[in-house]
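Visitor: All I have is the shape, not the residue letters:
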């Protein structure tokens, strides 16, 4: 009896290992890159600082603008920047560090929930967190929404695997606020999950309710539901020829082959693992075999 109790305690502690690891690794990652943020990262921080100090949406005080691609990223950074004012002036870079740590912990939390549903060991969550936080492409864009994207996508997957249509809708709304094009994942993961399909109206309604307040403000204040950057990027088609979103990885590969391989090999390994998992699913008569729909949709 005592042995079983101790084993259960050890297993419970192990469940939180991915979240703790994510927070620690997030802090280490931020300390590594904090002095090499990109211009786009500083633009986002300028938005957050202006919102926290002046209550205005834009880079320059007194000049409203709607060029922030990720409203949720700016809102979170602004809220954290506002908190840093307790110690004096606003510190958006410190706010970014806190958000990076919280994002790492969020990734770990999501992996903990996924591991519980799919009967995966805590080590799987640790590896999943590490593959995101040490990815060179992600590290090169800290300050943008590159960490919020995997957090909201994993949250969607968790809600789908646990069959929670209401929370799936909330997570879907946050995904759309993170980047408008993530609506593709909301739809694909939702359609791939029977529990969400059966209550799709509730999920879709909560997605709309979660995201609608911002889009209403955007329409009334700036005259557009979508950020200006979305329109600008559509108008720039062909400007960077022959490079595009499709050929961009090859452009980077020509200059930094090792970096690109390190960034993309985990995705290739994931495809192989998913194929092997699917093969095992159909080869073994196991009625409680974990559902692959949401995971395959995320992939």
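Guide: Everything's here; your move. Computed from a predicted structure; not experimentally measured.

Visitor: So for residue 10, what pLDDT did the model give?
Guide: On pLDDT, residue 10 comes in at 43.

Visitor: going forward, begin numbering at 464 instead of 1
Guide: All set: I'll call the first residue 464, so the last point we hit is now residue 473.

Visitor: wait, what's in contact with residue 577?
Guide: Counting by Cβ atoms under 8 Å, 6 or more residues apart in numbering, residue 577 makes contact with 583, 588, 617, 620-621, 624. Placement of C-beta: from N, CA and C, glycine included.

Visitor: and it, what pLDDT?
Guide: pLDDT at residue 577 comes out at 93.

Visitor: State the distance from it to residue 481.
Guide: 9 Å (Cβ to Cβ, to the nearest Å).

Visitor: List the residues that are in contact with both of the two.
Guide: Common neighbours of residue 577 and residue 481 (Cβ under 8 Å, 6+ apart) are residue 588.

Visitor: circling back: in JSON lines: the contacts of residue 577, plus neighbour count.
Guide: Converted to JSON lines, these look like this (neighbours: other Cβ atoms under 10 Å):
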{"residue": "583", "neighbour count": "17"}
{"residue": "588", "neighbour count": "28"}
{"residue": "617", "neighbour count": "23"}
{"residue": "620", "neighbour count": "25"}
{"residue": "621", "neighbour count": "22"}
{"residue": "624", "neighbour count": "22"}
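
Visitor: Just send those residues back as CSV, with pLDDT and secondary structure too.
Guide: Converted to CSV, the contacts of residue 577 look like this (pLDDT from 0 to 100; DSSP: H, G, I helix; E, B strand; the rest coil):
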residue, pLDDT, secondary structure
583, 87, coil
588, 93, helix
617, 97, helix
620, 96, helix
621, 96, helix
624, 94, helix
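
Visitor: Which phi and psi values does residue 689 adopt?
Guide: Main-chain torsions, residue 689, degrees, to the nearest 10: phi -110, psi 150.

Visitor: If we ignore the residues flanking it in sequence, what's nearest it?
Guide: Among residues not flanking residue 689 along the chain, residue 643 sits closest, at 6.1 Å (Cβ to Cβ, 6 or more residues apart in numbering).

Visitor: Of the contacts of residue 577, just say which sits nearest to residue 736.
Guide: residue 583 (11.6 Å; Cβ to Cβ).

Visitor: Now the closest one. Its backbone dihedrals?
Guide: Residue torsions, per degrees, to the nearest 10, at residue 583 are phi -100, psi 150.

Visitor: what's the spacing between the spatially closest residue to it that is not a sequence neighbour and residue 564?
Guide: In this structure, residue 583 finds its nearest non-sequential neighbour in residue 577, 6.9 Å apart by Cβ to Cβ, 6+ apart. According to Cβ to Cβ, residue 577 and residue 564 sit 21 Å apart.
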